[in-house]
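> I would like the atomic coordinates for the input below:
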Amino acid sequence: MRDPEVDGVGVDGVGVVVPARDEEDSLARCLAALDRAAGAVAVPVEIVVAVNATRDRSADVARAAGAIVVELPLPGVGAARAAGASRLLEGRDAARTWLATTDADSVVPPGWLAHHLALAADGADAVVGTIRLDDAELDHHTTWWRRYLGGLSRTPHVHVHGANLAVRGSLYLQVGGFAAVPAHEDLDLVTRLDAATDRVVRTVVEPVLTSARTEGRTPRGVAHDLRAARAAPATAPSMPCTLEG
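Sure thing, here's the model as predicted:
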């Protein structure tokens, strides 16, 4: 366990939101990775899986892993993230709560939360991170990866992913939280965070491993981008990815 003073000034608890729709095959791996990341920080970490319109055993998998489950009858990643965040902030001092989010088909690195809290200790009120694909998948997605690297090369990087995003609870509430939209809820939130503060930190450290599937659970997102990139000419211009991971 790390020293709390290293883990983040003024942060005495972490909440992680994971939206899940028909994710029973990937969710256990996601939650196991979050458990490892939680073990690297000294403050309590609570995980909420927001199961929305699922037709499989995602809720059972989440409960078996020790996560809190919030069930929504309708699909929608924005509403799912918002519901999970609301549950995590109930009864908490929002100013002292670090609210992070990832995706059910993603695997956070062991140092993910520790890195976020170190940035919080340096004054960050929100963190916008990046993603990566498994090395074995890159040969199938060279066009997408080339475009993604173009966005990483800028300072700060231009990418926004719900798979690697965090914000202090009080700032989250101040800007109105996640919108109940079917896609781009992460970009929408970050746009409002940027308008509210200059303490949104973009980082390329501790990227989150994301599924290389080309059929996702939302109308837009990395799966959509991967599919579109494979269909595009190799000479297509570089475009940043600003969709949820």
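> check contacts around the closest residue to Val127 other than its chain neighbours.
Using Cβ to Cβ, 6 or more residues apart in numbering and skipping residues adjacent in sequence, the residue nearest Val127 is Ala166, 4.6 Å away. To be clear about C-beta, it is placed using only N, CA and C from the backbone, and glycine gets the same treatment. Shown in contact with Ala166 (Cβ atoms under 8 Å, 6 or more residues apart in numbering): Trp98, Leu99, Ala100, Thr101, His116, Ala126, Val127, Gly129.
> what's the closest of those to Ile47?
The nearest member of these to Ile47, counting by Cβ to Cβ, is Ala100 at 9.5 Å.
> that closest one: what secondary structure?
strand (DSSP: H, G, I helix; E, B strand; the rest coil).
> show me the beta-bridge partners of it.
Beta-bridge partners for Ala100, by DSSP bridges, are Val16, Ala166.
> how far away is it from Ser86?
Separation of Ala100 from Ser86 (Cβ to Cβ, to the nearest Å): 15 Å.
> next, count neighbours for Thr102.
Look at Thr102: counted by other Cβ atoms under 10 Å, it has 29 neighbours.
> state the distance from the residue nearest to it when sequence neighbours are not counted to Ala94.
Setting aside the residues directly before and after it, Thr102 is nearest to Ala163 in space (Cβ to Cβ, 6+ apart), at 5.0 Å. Ala163 sits 23 Å away from Ala94, taking Cβ to Cβ as the criterion.
> can you give me the strands in this protein?
Assigned strands in the chain, in chain order: 13-20, 45-52, 68-72, 97-101, 106-107, 126-128, 131-132, 165-168, 200-202, 208-210 (criterion: DSSP state E).
> take these and write them to a markdown table, including mean pLDDT and distance to Ser153.
Formatted as a markdown table, these follow (pLDDT from 0 to 100; distance: least, Cβ to Cβ, whole Å):
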| stretch | mean pLDDT | distance to Ser153 |
| --- | --- | --- |
| strand 13-20 | 98 | 29 |
| strand 45-52 | 97 | 33 |
| strand 68-72 | 97 | 38 |
| strand 97-101 | 98 | 25 |
| strand 106-107 | 96 | 23 |
| strand 126-128 | 98 | 16 |
| strand 131-132 | 90 | 15 |
| strand 165-168 | 98 | 21 |
| strand 200-202 | 98 | 13 |
| strand 208-210 | 93 | 19 |
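> those strands into JSON lines, with extra columns for distance to Arg154?
JSON lines is the format used below for the strands of the chain (distance: least, Cβ to Cβ, whole Å):
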{"stretch": "strand 13-20", "distance to Arg154": "28"}
{"stretch": "strand 45-52", "distance to Arg154": "32"}
{"stretch": "strand 68-72", "distance to Arg154": "36"}
{"stretch": "strand 97-101", "distance to Arg154": "23"}
{"stretch": "strand 106-107", "distance to Arg154": "23"}
{"stretch": "strand 126-128", "distance to Arg154": "13"}
{"stretch": "strand 131-132", "distance to Arg154": "16"}
{"stretch": "strand 165-168", "distance to Arg154": "18"}
{"stretch": "strand 200-202", "distance to Arg154": "9"}
{"stretch": "strand 208-210", "distance to Arg154": "19"}
